[in-house]
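S.K.: heads up, no residue letters with this:
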């Protein structure tokens, strides 16, 4: 069974640009959550998608957006990049988010560097 | 308001001794808790979980304790090994997703 796949693994962008990150969850999982981790910080929740609908959103500006497709794959977009957006972006896949008592599985993350 | 809190950002322990990582939560509605371990530049990996019908769950060197009245859980690692050095996150299942604490960085010294 394939794990959670995030692409690309590394990305370098300049300020003002936009970026799209991709996450393919484990087959059969319908919930995808996105997190940002900056040096010394914990996992900051961005948003969660379940069956193509955004169910929950963290405290991030509107420059951060996402979507989920019918095959449960999810994309995250950040527009007008700022230096402070440099971080490890993690995607977590689970069967039904928090509704079922099972764990979420994480991808290896996308390391975004904004210069 | 943060639903899951880990108040110790870091912990240093000697190899062979016990490591105790703590976590507090505010919402008692959701009754499934998890611990994840994360190495640098990798995604977190699931370590151990506990349901509120139990107050203890053990898996090898790792034991999680749940104190429902105090809304507190802890992860014990015995004996600690240098390879356990990582960031540990506690998490709670919620209706709108999984809520994570801010993490505790464990350093096990040889």
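M.R.: Received the coordinates, thanks. Because the structure is a prediction, the values reported are computed rather than measured.

S.K.: residues in chain B within reach of chain A, list them.
M.R.: B:6, B:9, B:30-32, B:34, B:36, B:41-46, B:49, B:51, B:89, B:91-103 (Cβ under 8 Å from any Cβ of the partner chain). Heads up, the C-betas are built off the backbone N, CA and C, glycines and all.

S.K.: mind listing the strands for chain A?
M.R.: A:5-7, A:10-13, A:19-24, A:31-37, A:44-50, A:53-57, A:64-68, A:74-78, A:87-94, A:105-106, A:110-114 (DSSP state E).

S.K.: Next, format these as CSV and append mean neighbour count and mean pLDDT.
M.R.: Formatted as CSV, those follow (neighbours: other Cβ atoms under 10 Å in any protein chain shown; pLDDT from 0 to 100):
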stretch, mean neighbour count, mean pLDDT
strand A:5-7, 16, 97
strand A:10-13, 13, 97
strand A:19-24, 20, 98
strand A:31-37, 25, 92
strand A:44-50, 22, 89
strand A:53-57, 14, 89
strand A:64-68, 19, 97
strand A:74-78, 21, 98
strand A:87-94, 25, 93
strand A:105-106, 22, 92
strand A:110-114, 18, 96
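
S.K.: what's the closest of those to residue B:79?
M.R.: Taking Cβ to Cβ, strand A:105-106 is the member of these nearest to residue B:79, at 26.9 Å.

S.K.: re earlier: just the ones in helices from the residues of chain B next to chain A, please.
M.R.: Per DSSP state H, helices hold no members of the residues of chain B next to chain A.

S.K.: ok, of these, which come out buried?
M.R.: Buried subset of those (neighbour count, 16 or more other Cβ atoms under 10 Å in any protein chain shown): B:6, B:30, B:32, B:34, B:36, B:43-44, B:49, B:89, B:91-94, B:97-103.

S.K.: Of these, which belong to strands?
M.R.: Going by DSSP E, the strands hold B:32, B:34, B:36, B:49, B:89, B:91-94, B:97-100 from these.

S.K.: For the residue positioned nearest the centre of chain A, list each beta-bridge partner.
M.R.: In chain A, the residue lying closest to the centroid (Cα atoms, centre = their mean) is residue A:34, at 3.1 Å. Taking DSSP bridges as the rule, residue A:34 bridges to residue A:47, residue A:91.

S.K.: How about the contacts made by it?
M.R.: A:23, A:45, A:46, A:47, A:48, A:66, A:74, A:76, A:89, A:90, A:91, A:92 (Cβ atoms under 8 Å, 6 or more residues apart in numbering or on different chains).

S.K.: With residue B:16 instead?
M.R.: By Cβ under 8 Å, 6+ apart, the contact list for residue B:16 reads B:79, B:80.

S.K.: now do residue A:94
M.R.: A:29, A:31, A:33, A:100, A:102, A:103, A:104, A:105, B:98.
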